[in-house]
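> Sequence and computational prediction follow.
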Amino acid sequence: MKLSFFRSILFTAMLFAASFAGFAQGTAMSESISGNKSLGSTFLASKFDGEKLTFEGKASKLKLSIAIADLTFSTAITPKGDQLSIRSVAESKGTMLKLFRYSFLQDYESVVDLATFRIAKTVKKDIQKQRVRDSEAEFDYGEKRVSYVETDPKDSNRPPRRIASEITDPMNDMISAIYAIRLRDLAVGDRFELSVSDSGLVYKVPVAVTKRERLGTAVGKFWCLRVEPEIFGPGRLIEQKGKMIVWLTEDKMHTPVKAQVDTQYGKVEIKIKSLTKPS
């Protein structure tokens, strides 16, 4: 198994799963997002400020299943009150450390403009064993450009890696894209496309709502919608063969309760452990 690729698959899946968290508001708000109109920061602050979600990721192949990572998502309104900060931390655990002697920590912060719900900035810290990379992507809608810079904090002589790409308006990173999805009125048969930027590059992500299923989880039993974002394949976020499924509760909360990724290396499942709602 290629551990670096496997780790990337895991984290991508966990990001998409956790990002669906929150409370949907129905058609009026969905139209505001699609039309890039003001959403109203007061409403968003009251619904997301202080929310916390935790997930566990397990990998399986044949009859072997091992816990390999924890993911925590937390949200907070920034001091000026006009942006939402979404922090996601994925960290290796248990058998991943003992059996493979492989560790990783990925700490993402996505900053969203509350007035338009478009991504303003993405800040990342990526640690893989001894390798460390810091990066930041800034989105300039006047210039229609995302500027990405990656540095090695352990080597000041290493030149920064820079990528710039043209963007549309609105634009999302992996986190804010799924927050936009949760604001939609989802139904079986829906198909739509998102513009997503990751590490300075821009992708089109087709999304399909394919089925209605009932699932039992650590936070209760729910009727769920099965959502399938197409992130695998040529020109996609991950240029490998694979499939990803996310289960969201059917109610207006659209809470993520499970995600699954199937690859040639095996299957990864991400399941919700706990949910702390805003006070």
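Now that the structure is in, tell me what you want to look at. Here the structure is a predicted model, which means the values were calculated and not measured. Numbering: from 1, shown residues only.

> just how off-centre is the helix or strand harbouring A90 within its chain?
Assigned by DSSP states H and E, A90 falls within strand 83-92. Strand 83-92 sits 9 Å away from the centroid of its parent chain (CA atoms, centre = their mean, to the nearest Å).

> Can you list the strands that that strand pairs with?
strand 64-77 (antiparallel), strand 104-113 (antiparallel) (DSSP bridges).

> what's the last one in contact with?
In this case it means strand 104-113. If you take CB atoms under 8 Å, 6 or more residues apart in numbering as the criterion, strand 104-113 is touched by 7, 11, 15, 69, 78, 82-92, 118-129, 173-176, 179. Every residue, glycine included, has its C-beta placed from N, CA and C.

> Is K125 in contact with R131, as I believe?
No: K125 is beyond contact range of R131, at 11.6 Å (criterion: CB atoms under 8 Å).

> Give me the more crowded residue out of the two.
More crowded of K125 and R131, by other CB atoms under 10 Å: K125, with 15 against 11.

> Could you give the bridge partners of the more buried one?
Going by DSSP bridges, K125 forms beta bridges with D107, D134.

> now swap in L84 and tell me
I77, V112.

> which ones are touching it?
By CB under 8 Å, 6+ apart, the residues touching L84 are 44-45, 48-49, 75-78, 111-112, 114.

> Hmm, D126 is touching V132, no?
Yes: here D126 reaches V132: they are 7.3 Å apart, a contact under CB under 8 Å.

> Who has more neighbours out of those two?
D126 (19 against 15).

> I'd like to know how far the closest residue to that one other than its chain neighbours sits from P229.
Spatially, and ignoring its direct neighbours in sequence, D126 is nearest to R133 (4.6 Å; CB to CB, 6 or more residues apart in numbering). The gap separating R133 from P229 is 25 Å, by CB to CB, to the nearest Å.

> One more: I245?
Distance from I245 to P229, by CB to CB: 9 Å.

> about what we covered before: quick one, which of the strands paired with strand 83-92 gets closest to T217.
Closest approach to T217 among the strands paired with strand 83-92 is made by strand 64-77 (15.1 Å; CB to CB).

> how about the closest one as PDB, C-alpha atoms only?
C-alpha atoms of strand 64-77 as PDB (Å, rounded to 0.1, in the frame of the first residue of the first chain):
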ATOM      1  CA  LEU A  64      -8.800  -6.500   8.300                       C
ATOM      2  CA  SER A  65     -10.200  -3.200   9.600                       C
ATOM      3  CA  ILE A  66      -8.000  -0.700  11.500                       C
ATOM      4  CA  ALA A  67      -8.600   2.700  13.100                       C
ATOM      5  CA  ILE A  68      -6.200   5.100  11.400                       C
ATOM      6  CA  ALA A  69      -7.200   8.700  12.100                       C
ATOM      7  CA  ASP A  70      -9.400  11.200  14.000                       C
ATOM      8  CA  LEU A  71     -10.900  14.300  12.500                       C
ATOM      9  CA  THR A  72     -12.200  17.400  14.400                       C
ATOM     10  CA  PHE A  73     -14.100  20.300  12.900                       C
ATOM     11  CA  SER A  74     -14.800  23.500  14.700                       C
ATOM     12  CA  THR A  75     -16.200  26.800  13.600                       C
ATOM     13  CA  ALA A  76     -16.100  30.400  14.900                       C
ATOM     14  CA  ILE A  77     -17.000  33.800  13.700                       C
END
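
> ok, back up a step: tabulate the strands paired with strand 83-92 in JSON lines, adding columns for mean pLDDT, distance to L225 and mean neighbour count.
Converted to JSON lines, these look like this (pLDDT from 0 to 100; distance: least, CB to CB, whole Å; neighbours: other CB atoms under 10 Å):
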{"stretch": "strand 64-77", "mean pLDDT": "84", "distance to L225": "20", "mean neighbour count": "18"}
{"stretch": "strand 104-113", "mean pLDDT": "90", "distance to L225": "23", "mean neighbour count": "20"}
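
> For those strands, give me a markdown table that also has distance to R191.
Below are those laid out as a markdown table (distance: least, CB to CB, whole Å):
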| stretch | distance to R191 |
| --- | --- |
| strand 64-77 | 26 |
| strand 104-113 | 24 |
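
> for this structure, which spans come out with low pLDDT?
Across the chain, the ranges flagged by pLDDT under 70 are 1-47, 62-63, 94-102, 278-279.

> I'd guessed V257 sits against K221; true?
No: contact between V257 and K221 fails when scored by CB under 8 Å: they sit 9.6 Å apart.

> Thank you kindly, that will do.
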